[in-house]
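In: Quick one, fold the following:
(one chain, ligands or ions: 1)
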Amino acid sequence: MMKKRYTLEQKKWDSPIEHAMPTHARVPASVTIGNVVIAPATVLAPMAGVTDTVFRRFIKNASQFTTHESTTNPGAPHLEEMWAQDATAVNQETTNQQSGCGLIMTEFTSADGLSRMRETKRKRYLTYYDDEHPISAQLFGSNPETLADSARIVQDAGFDIVDLNLGCPAKRVVACNGGSGLLKDLPQIERIFKAIRAAVTIPFTVKFRIGWNDAHIVCVELAKLAEDNGLNACALHARTREDGYTGQARWEYIAAVKDAVKIPVIGNGDIRTPEDAATMVEKTNCDAVMIGRTAPANPWIFRQIAQYTASKEATGVGTYDHPTNDDRYRMIRTYFQMLVDEIALEEAAETARAEAIIAQGQIAREKRNRDAVGKMKQFAAWFTHGVPGGGALRKQIFESKNGNAVIAAVEQFFETHPNLPDEADTAAVQDDDKTLLTEAAYCD
Ligand SMILES: Cc1cc2nc3c(=O)[nH]c(=O)nc-3n(C[C@H](O)[C@H](O)[C@H](O)COP(=O)(O)O)c2cc1C
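Out: The predicted structure is shown next:
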């Protein structure tokens with residue numbers, strides 16, 4: 001099996017369009033997928049190498065609203081306090097729930113791998129916590145029986161929704177006919193739809209691109225196929241496989257899909273601000289919006305959208321908060337602490353499980369530590385752009401050898417930069433802010 005590697009790649013937004021806030025449109029307060037209510041109608045996009053349980057909970061919690069005041073002590077962050085940041089009053093009847101992020105999704109998981117794995121290893125792949133509901137698990141593969149087996153495993157693991165990936169452009173996924181490779185074979189897609197639908201009772205959704213290339217655009221046909229086969233919603237990243245991430249997402253195809261089916265349509269591609277989200281709804285009439293690359297650059301994006309929606313509803317004028325330097329400190333510190341805590345938890349579980357194989361356990365521990373530091377570096381690269389002096393912090397983080405050294409660098413940085421002007425309006429991600437660390441296994 002090929003080893004996962006993290007590489008630095010340029011996954012930019014190509015000359016992003018700045019949308020003004022539309023006068024009337026806003027992201028819906030909720031959407032119902034099968035029997036699952038998603039409120040508000042916002043989804044964290046699945047991102048391999050990024051949306052693990054720690055990142056998902058971080059985003060969901062960073063999007064929370066509370067009424068009590070923050071008592072955060074920067075030296076000793078406590079999760080409850082982290083989230084207790086006063087937001088502009090949000091009408092919870094409008095946002096329906098405390099978190100501005102309505103649905104989170106796992107990274108894509110290979111159905112072949114999942115169906116072959118031992119129970120214990122499966123658990124590791126499908127780890128999620130109670131506070132992640134509603135949560136959707138995404139699968140990829142090309143064999144209907146294997147996908148159906150894996151969908152059953154997902155259902156038995158307690159996920160609320162199972163999602164099929166038909167968008168992945170990675171060569172090694174496409175080579176085995178998975179991901180966007182299937183876009184060239186609608187009859188096989190139909191066989192897969194039928195097999196998964198027959199295997200599970202939880203809502204079943206599909207995420208796809210508009211087609212293989214401009215000569216082969218299938219999104220409307222595919223959405224109808226999904227509806228005809230009992231799928232409960234579809235999500236469209238409005239680019240072809242050949243587009244990769246270039247050019248603008250072509251939202252007109254989201255509108256075309258929405259026109260063609262009655263099941264909920266989730267629009268995806270190039271949302272960087274609450275203005276973009278509302279404009280996508282205005283232009284496509286989509287039922288929900290899905291956000292990927294912006295989330296690690298601006299974890300407040302879901303909260304900002306919910307604030308905008310709620311204030312618009314209440315007063316007719318939509319507003320939203322911009323994170324201060326202090327907010328950014330608390331956020332980066334919290335995320336890193338969550339990564340360190342998760343490793344400690346896994347270590348404890350492992351020690352309990354495997355006293356007898358200490359040598360092996362040691363190797364696994366070291367590997368996990370490396371992974372956590374890798375994630376900290378990845379997140380730092382996204383998140384510190386727009387922070388004054390962020391370049392120096394990034395350099396220090398990249399030179400750190402372990403998690404505690406990374407956290408110490410963050411603390412020292414924010415201690416010595418307490419009163420910097422707030423340039424941290426990542427809603428408008430600046431030009432040099434678009435270097436994303438991507439996961440080689442997903443984005444070739
Ligand atoms: C690093 C990275 C990993 C991704 N992994 C997945 C994945 O596992 N499954 C999937 O359906 N899409 C994946 N995507 C695509 C995103 O879900 C999303 O469709 C795409 O980034 C466009 O949305 P955005 O403009 O909001 O980023 C990935 C994208 C990135 C940048």
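
In: can stretch 25-39 be found next to the ligand?
Out: No: using Cβ under 6 Å from any ligand atom, stretch 25-39 stays clear of the ligand, coming no nearer than 13.9 Å. No exception for glycine: its C-beta is placed from N, CA and C like everyone else's.

In: Residue in the protein with the shortest distance to the ligand?
Out: Evaluated by Cβ to the nearest ligand atom, the chain has residue 292 as its residue closest to the ligand, separated by 2.9 Å.

In: What is the burial count for that residue?
Out: Burial measure for residue 292: 21 neighbouring residues, criterion other Cβ atoms under 10 Å.

In: And the pLDDT at the nearest residue to it once chain neighbours are set aside?
Out: Leaving aside its chain neighbours, residue 292 sits nearest to residue 45 (3.5 Å; criterion: Cβ to Cβ, 6 or more residues apart in numbering). pLDDT, residue 45: 97.

In: residues contacting residue 45?
Out: Contact analysis of residue 45 by Cβ atoms under 8 Å, 6 or more residues apart in numbering lists 51, 105, 268, 290-292, 295.

In: Show me which pair in the residues you listed is furthest apart.
Out: Using Cβ to Cβ, the contacts of residue 45 span at most 13.6 Å, a distance reached by 51 and 268.

In: Pick out whichever of those two has more residues nearby.
Out: residue 268 (26 against 23).

In: Spell out which parts of the stretch 201-350 of the chain neighbour the ligand.
Out: Residues of the stretch 201-350 of the chain lying close to the ligand by Cβ under 6 Å from any ligand atom are 207, 237, 268-271, 291-294.

In: Kindly reformat these as TSV containing secondary structure and pLDDT.
Out: Formatted as TSV, those follow (DSSP: H, G, I helix; E, B strand; the rest coil; pLDDT from 0 to 100):
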residue	secondary structure	pLDDT
207	strand	97
237	strand	97
268	strand	98
269	coil	97
270	coil	95
271	coil	97
291	strand	97
292	coil	96
293	coil	92
294	helix	93
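
In: Need the max-distance pair from those.
Out: Checked with Cβ to Cβ, these reach their widest spread between 207 and 294, with 17.0 Å between them.

In: and those two? which has more neighbours close in?
Out: Taking other Cβ under 10 Å, residue 207 and residue 294 do not tie; residue 207 has more neighbours (27 against 23).

In: ok, and the closest non-adjacent residue to that one?
Out: residue 235 (4.2 Å).

In: That neighbour: what's it in contact with?
Out: Contacts for residue 235 (Cβ under 8 Å, 6+ apart) come out as 43, 163, 205-208, 265-268, 290.

In: make it 10 Å
Out: By Cβ atoms under 10 Å, 6 or more residues apart in numbering, the contact set of residue 235 is 43, 45-46, 105, 136, 163, 165-167, 205-208, 254, 257, 264-268, 286, 288-290.

In: Also residue 59?
Out: Remark: with contacts taken as Cβ under 10 Å, 6+ apart, residue 59 is in contact with 44, 50-51, 99-101, 104, 291, 295-296, 299-303, 335.

In: ok, now with 6 Å
Out: With contact set as Cβ atoms under 6 Å, 6 or more residues apart in numbering, residue 59 has these partners: 44, 101, 295, 299.

In: A strand includes residue 21, no?
Out: No: read with DSSP: H, G, I helix; E, B strand; the rest coil, residue 21 is coil and lies in no strand.

In: host element of the residue nearest to it when sequence neighbours are not counted?
Out: Spatial nearest neighbour of residue 21, chain neighbours left out: residue 275 (4.7 Å); criterion: Cβ to Cβ, 6+ apart. Taking DSSP states H and E as the definition, one finds residue 275 inside helix 274-284.

In: Now that helix - C-alpha only, CSV.
Out: Output of helix 274-284 as CSV, limited to C-alpha atoms (Å, rounded to 0.1, in the frame of the first residue of the first chain):
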residue,chain,number,x,y,z
PRO,A,274,-20.2,34.9,3.9
GLU,A,275,-20.8,37.1,0.8
ASP,A,276,-19.7,34.2,-1.5
ALA,A,277,-22.0,31.8,0.4
ALA,A,278,-25.1,34.0,0.1
THR,A,279,-24.3,34.7,-3.6
MET,A,280,-24.0,31.0,-4.3
VAL,A,281,-27.5,30.6,-2.8
GLU,A,282,-28.8,33.5,-4.8
LYS,A,283,-27.3,32.3,-8.1
THR,A,284,-28.1,28.6,-7.8
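
In: Against which helices or strands is the longest helix along the chain packed?
Out: Across the chain, the longest stretch assigned as helix under DSSP state H is helix 325-353. Counting contacts by 3 or more Cβ pairs under 6 Å, 6 or more residues apart in numbering; DSSP states H and E, helix 325-353 is packed against helix 53-62, helix 358-383, helix 403-416.

In: Select, out of the ones you listed, the one closest to residue 308.
Out: Distance to residue 308, taken as Cβ to Cβ, is lowest for helix 53-62 among the helices and strands packed on helix 325-353, at 16.2 Å.

In: is the ligand contacted by the closest one?
Out: No: applying Cβ under 6 Å from any ligand atom, one finds helix 53-62 out of contact with the ligand, separated by at least 11.2 Å.

In: How far does that helix sit from its chain's centre?
Out: Remark: helix 53-62 is offset 9 Å from the chain centroid, using Cα atoms, centre = their mean, to the nearest Å.

In: Measure how it sits relative to helix 325-353, angle-wise.
Out: Taking axes from the mean of the first three to the mean of the last three Cα atoms, to 10 degrees, one finds helix 53-62 and helix 325-353 inclined to each other by 140 degrees.

In: Quick check: buried residues in helix 53-62?
Out: Burial within helix 53-62, assessed by neighbour count using 16 or more other Cβ atoms under 10 Å, is assigned to 53-62.

In: what's the most distant pair in those residues?
Out: It's 53 and 62 that sit farthest apart of the buried residues of helix 53-62, by Cβ to Cβ, at 14.6 Å.
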